[in-house]
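Q: Could you work out the structure for the sequence below:
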Amino acid sequence: MEGTRHTSSQYEMELQDIKDNLIYLGVLTEKAIASAMDALLQRDTNQARKVIAADSEIDRLDMELEERCIRVLALRQPAAKDLRFITTAIKVNGHLERIGDMAVNIAEKAIILNAEPQLKPYIDLPRMAEIVRNMIRESLDSFVNEDLETAEKVALEEDEVDKLNEQIFRELLTFMLEDTRTITRATIIMQISKNLERVADHAKGVADMVIYLVTGKSVRHQY
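A: Sure, this is the predicted structure:
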């Protein structure tokens, strides 16, 4: 372990508590994405409303965790690897909170779409959702285990999400050009696809912070 570490068992518990809470927040955000997509695919508006209501818990945990990290920085004055851990945790926390926001956006759009005839079978959107959920899990696993290989793998999965988003855009554009009555629904589906792409961006952001945590090098602008 590089640098000087505090030997206080209380301090170690504080660091572990931060890690545990990040894992819990990650579980909640992944569940929120899954529930929002289920609300869309199953046309379950009540479930979509539950996703929106549950976001307040994610926001509360986000604020509490950020305050805990700041308190450790102020009182413990960590150095070297511990300092990188705390700053990484603050960044990861922010990415997870924004993933929760994306779940709310998807749920809100599902409510609108569920009130209209379905434009087309959802094929690529569920594939995107599965990939981004896996990216969330992998990025958090890489954080917990300080696993560079898994963190770097997340970047490759982001490329697949980008390709699916482009494919969905082209397909929906064809619908809109052929029948103007589809424009509103097609546009909303595009927005959902974009929300999933942004989830992938945030999952990659977590993975990038893991690379920084382990190596001390920033890779956020190298892709």
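Q: going forward, measure contacts and count neighbours with C-alpha atoms only.
A: Will do.
Q: Residue 215: neighbour count?
A: 13 (other Cα atoms under 10 Å).
Q: any idea how far it lies from residue 39?
A: Between residue 215 and residue 39 the computed distance is 40 Å (Cα to Cα, to the nearest Å).
Q: and if you look at residue 171?
A: The value you get for residue 171 to residue 39, if Cα to Cα is used, is 22 Å.
Q: Which one's more surrounded, the two?
A: Neighbour totals were compared for residue 171 and residue 39, and residue 39 leads with 25 against 12 (other Cα under 10 Å).
Q: which parts of the helix or strand where the more buried one lies are buried?
A: Assigned by DSSP states H and E, residue 39 belongs to helix 9-41. Buried residues in helix 9-41, counted by 16 or more other Cα atoms under 10 Å: 15, 18-19, 21-23, 25-41.
Q: now swap in stretch 210-220 and tell me
A: For stretch 210-220, by 16+ other Cα under 10 Å, it's 210-213.
Q: Only C-alpha atoms, please: export stretch 93-101 in PDB.
A: What follows is stretch 93-101, C-alpha atoms only, in PDB (Å, rounded to 0.1, in the frame of the first residue of the first chain):
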ATOM      1  CA  ASN A  93     -21.300   8.900  -5.900                       C
ATOM      2  CA  GLY A  94     -22.100  11.700  -8.400                       C
ATOM      3  CA  HIS A  95     -22.200   9.300 -11.300                       C
ATOM      4  CA  LEU A  96     -24.500   6.900  -9.500                       C
ATOM      5  CA  GLU A  97     -26.900   9.800  -8.500                       C
ATOM      6  CA  ARG A  98     -27.100  10.800 -12.100                       C
ATOM      7  CA  ILE A  99     -27.900   7.300 -13.200                       C
ATOM      8  CA  GLY A 100     -30.800   7.500 -10.800                       C
ATOM      9  CA  ASP A 101     -31.900  10.600 -12.600                       C
END
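Q: gap between that stretch and the chain center?
A: Its chain's C-alpha centre and that of stretch 93-101 lie 6 Å apart, by Cα atoms, centre = their mean, to the nearest Å.
Q: Would you map the strands across the protein?
A: Assigned by DSSP state E, the strands in the chain number zero.
Q: tell me, which helix in it spans the most residues?
A: Determined from DSSP state H, the single longest helix within the chain is helix 80-114.
Q: Now do that one: which elements does it pack against?
A: helix 9-41, helix 45-76, helix 183-215 (3 or more Cα pairs under 8 Å, 6 or more residues apart in numbering; DSSP states H and E).
Q: Residue 190 contacts residue 170, correct?
A: No - judged on Cα atoms under 8 Å, residue 190 makes no contact with residue 170 at a distance of 9.7 Å.
Q: Got the confidence number for the residue nearest the centre of the chain?
A: Among the residues of the chain, the one closest to the centroid is residue 99, at 3.7 Å (Cα atoms, centre = their mean). pLDDT for residue 99: 97.
Q: Could you pull up the residues touching it?
A: Contacts for residue 99 (Cα atoms under 8 Å, 6 or more residues apart in numbering) come out as 29, 33, 198-199, 202.
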